[in-house]
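In: I need the structure of the sequence given here:
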Amino acid sequence: RPYVVWNVFATPELSLQPVTHCFPIAGCVAYRGYYRQGAARGAAALMRQQGLDVYVSGVEAYSTLGWFDDPILSSMVGWGDERLATLIFHELAHQQFYVQDDTEFNESFATFVEQEGTRQWRAARGLALVGEHQSQQSEQFTRLVLASRERLQAIYAGPLDDAHKRAAKQAEFERLRSEYKQLRDSQWNGDKRYDAWIYAPLSNAKLLPFGLYDQWVPAFAALFREVGGDWARFYERVEQLGRLQVAQRKAQLQRLM
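Out: Got it, this is the predicted structure:
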């Protein structure tokens, strides 16, 4: 699969708090992007030497937040219409609204716009049922990983010493794999689309994108319902949230959850 950049995610060994990187305009974000895969891997190796959990993930597109025209790249030309539409919904959401220093808010907002935009795009073309099964699997898998993240957060915040926290961390990863296998075999008819991800080495950093891109999606979905599915009113409410202080914003999102 062709990628345009590679993102490096990192966390401490016993924390889900991301290592952040700060830039002009974009503010501080919970990852660092590299145009060359080798450079991303090199940076990841240095971070691992520092004792950090690290994960490298390819990215098919990114937004310049309206500062430049974001093109349809040659690597996207062969994509199907739906996949391309989904990408556009996500990246244009970043141009619609962006809050400095809050990756979780920005990416969860864009993910909701992507999901709801795609749902409406399908419905407008009489394709509402296409991909519904895969979408349901994706939601179930995301919930599985987010639940694992919550249990890990409780472990790291708990009274255990570091050695016992490390053991509990590995036990939690095995629990995640076991619960995934049960879900796959009992409800998905053995569909192995997520096997490569789940059976590759797991780390805090590998779970990090789920917290960034999915954590507040249900909150934005609830907000969209509150305004009766009116996009203009929805964006107004999102801007109001974005103007709050971080603690207030998270409290409001938690209320919506």
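In: avg pLDDT for the helix or strand hosting Thr142?
Out: Thr142 is part of helix 132-157, with elements assigned from DSSP states H and E. Average pLDDT, helix 132-157: 91.
In: Low-confidence stretches in the protein?
Out: 1, 128-133 (pLDDT under 70).
In: Go ahead and confirm Asp162 touches Gly51.
Out: No. Between Asp162 and Gly51 there is no contact under CB atoms under 8 Å: 11.4 Å. (Glycine included, C-beta is placed from N, CA and C.)
In: which residue sits farthest out from the middle of this protein?
Out: Distance from the C-alpha centroid of the chain, by CA atoms, centre = their mean, peaks at Asp161 (30.0 Å).
In: Where do the helices of this protein begin and end?
Out: Ranges of helices in the chain, per DSSP state H, are 37-49, 81-96, 103-124, 132-157, 162-187, 195-199, 204-214, 217-226, 231-242, 246-256.
In: Highest mean neighbour count out of those helices?
Out: helix 204-214 (a mean of 22; mean count of other CB atoms under 10 Å).
In: neighbouring contacts of it?
Out: Applying CB atoms under 8 Å, 6 or more residues apart in numbering, the contact partners of helix 204-214 are 9-13, 15-16, 18, 30-31, 52-55, 57, 103-104, 107-108, 111, 142, 145-146, 148-149, 152, 169.
In: one more time with 7 Å
Out: Residues from elsewhere that reach helix 204-214 (CB atoms under 7 Å, 6 or more residues apart in numbering): 9-11, 15-16, 18, 30, 53-55, 57, 103-104, 107-108, 111, 142, 145-146, 148-149, 152.
In: and if you look at stretch 119-130?
Out: Ala85.
In: and it, C-alpha only, in CSV?
Out: Extracted C-alpha coordinates of stretch 119-130, given in CSV (Å, rounded to 0.1, in the frame of the first residue of the first chain):
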residue,chain,number,x,y,z
ARG,A,119,-22.8,6.8,5.7
GLN,A,120,-24.7,9.7,4.1
TRP,A,121,-22.6,9.3,0.9
ARG,A,122,-23.7,5.7,0.7
ALA,A,123,-27.3,6.4,1.4
ALA,A,124,-27.5,9.2,-1.3
ARG,A,125,-26.3,6.6,-3.8
GLY,A,126,-28.5,3.8,-2.6
LEU,A,127,-25.4,2.0,-1.2
ALA,A,128,-26.3,2.1,2.5
LEU,A,129,-25.8,-1.6,3.0
VAL,A,130,-22.5,-1.9,1.2
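In: give the contact list for Glu150.
Out: Shown in contact with Glu150 (CB under 7 Å, 6+ apart): no residues.
In: Touching, Gln140 and Arg184? I think so.
Out: No. Applying CB atoms under 7 Å, one finds Gln140 not in contact with Arg184, separated by 9.8 Å.
In: For Arg184, see how far away the residue nearest to Arg193 when sequence neighbours are not counted is.
Out: Counting by CB to CB, 6 or more residues apart in numbering, Arg193 lies nearest to Gln137, which is 7.1 Å off, once chain neighbours are set aside. Counting by CB to CB, to the nearest Å, the gap from Gln137 to Arg184 is 9 Å.
In: Name the residues contacting each of the two.
Out: Asp191.
In: Hmm, Arg237 is touching Leu223, no?
Out: Yes. Using CB under 7 Å, Arg237 is in contact with Leu223, at 5.6 Å.
In: separation between Lys206 and Thr11?
Out: Taking CB to CB, one finds Lys206 at 9 Å from Thr11.
In: tell me, how many neighbours does Val56 end up with?
Out: Close neighbours of Val56, defined as other CB atoms under 10 Å, add up to 19.
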